[in-house]
Structure formats: C-alpha cells, structure tokens
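Asker: Model the following, please.
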Amino acid sequence: MSTIPSEVLTWQLSGKTGNVRSQNTYTANTGYSLFCSANKRYLTYGKEPLGINLVYSTTDADKKIHFRLPDGKERDVLTGEAVAFGIGGGDAFLYYNNRTAGINLSWSGAAKHEWSIWGADGKQGVPIVQGQPYALINKNVQPTADFLVYLDRAPGMADVGWTSSENWSGKIFQAVKDYGPKAAALVAML
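Answerer: Alright, predicted model coming up:
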C-alpha cells in the first residue's frame, strides 16, 4: 500500500504502557488519551450546542478513548483492521450518521466496527504504538471512506471533519483530492 498523506497523520494515542490494545469493558478513565497534532489538544467527550458532543482539552487527563474488535478479543490493535471507536462510557461508540449540523457522526451503545487506524507507511497488520502519529478512517463516510481530521468549525460545534469537508483547512493542493480514494483503497484491503 502507498504511504498515508502527512496532513492526516494527526492522531496520537497515549496514557497506558505498551501497544494500543482493545478493551471490551470500559470504566471511567481507563482508556487512552487522543492527541491531535493539528491543534495541539486532546479530543474527548464534551457537550456542544450543535452536532456531536466532542471537544478538545489542553491536558491528557481524560483517558476515555477505547477500541473494540469484531472478534471480541482483548489484544493489540493492528493497523488496518476494523475497530469500534469509543469515547467514554454509555453510548460511547462513534459511527457515521447524517446530521444537519457538524460532522456526520452519532453515538451508539453498540460497537460499530467501521473505523481503522493507519500508520505513515500504510502497512496493514502492524501493532499501534503509543505516541506515534496515525490516521483514523471511517469506511462508511459518503460518498467514499474518509480520514477524520481537525476542522476549525463555527463556535458551538465539534472541531472535527473529513478531508472531503468543504472547509477543511488542511494544506490545499492536488494531493488533497487523493485522500478520499486513498482511504477507500485502504478500507478495501480489510
């Protein structure tokens, strides 16, 4: 597989020892922190007036990020495999769903295995190392799978989006048009 564009390698997991592992039972603050290098803050659950309830924190105190695998095993999460992406407890799993405001994401109590995590080299099946930059892809984004990115939205909405979002403030050049197809090609490998 080809390399992943550097503009989407903005997410770093931390907060535990060893490689990133799946977690079938989440209790308060037993997950990971998710750092966004695009804005130098940590993505976490938080109330927003419009759209999805996601905010950024200046500290890594919230360790709410967790992943669940389709096979139900608690083991190292590998690049390219399908995972459910959870933040906190309760209806914790993010999934693609159309909204009238903000990013097209909603919450579910059931694990939705529509995400995958990729390193810079685009190799599949490699353990995810804490503190390294990764890209997050959702295979259900319409019209094609896409990368989750920082997106400076209007106040009151979560500052996340897709590379296909109209006002994504990433580096705008021809390669941007390739991000969606790259995400779709990676997902096709699953």
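Asker: which ones are touching the residue nearest to the spatial centre of the chain?
Answerer: The residue lying closest to the centre of the chain (Cα atoms, centre = their mean) is L136, at 4.1 Å. L136 makes contacts with 11, 85, 115-117, 147-148, as judged by Cβ atoms under 8 Å, 6 or more residues apart in numbering. (C-beta placed from N, C-alpha, C; glycine too.)
Asker: so where's the protein shaky on pLDDT?
Answerer: Applying pLDDT under 70 to the chain flags residues 1, 168-190.
Asker: Helices along that one, start to end?
Answerer: For the chain, applying DSSP state H gives helices covering 176-188.
Asker: Tell me, how many residues neighbour A154?
Answerer: Neighbours of A154 under the rule other Cβ atoms under 10 Å: 11.
Asker: any idea how far P49 is from it?
Answerer: 10 Å (Cβ to Cβ, to the nearest Å).
Asker: do the same with F67
Answerer: 28 Å.
Asker: returning to that earlier point: the contacts of L136: which two are farthest apart?
Answerer: F85 and F147 (13.1 Å; Cβ to Cβ).
Asker: Those two - which one has more neighbours?
Answerer: Applying other Cβ under 10 Å to F85 and F147 shows that F147 carries more neighbours, namely 28 against 24.
Asker: which strand residues sit across from that one in the sheet?
Answerer: I137 (DSSP bridges).
Asker: hang on, the earlier thing: leaving out chain neighbours, which residue sits closest to the residue nearest to the centre of the chain?
Answerer: L148 (4.3 Å; Cβ to Cβ, 6 or more residues apart in numbering).
Asker: just checking, G31 touches F85?
Answerer: No - between G31 and F85 there is no contact under Cβ atoms under 8 Å: 10.7 Å.
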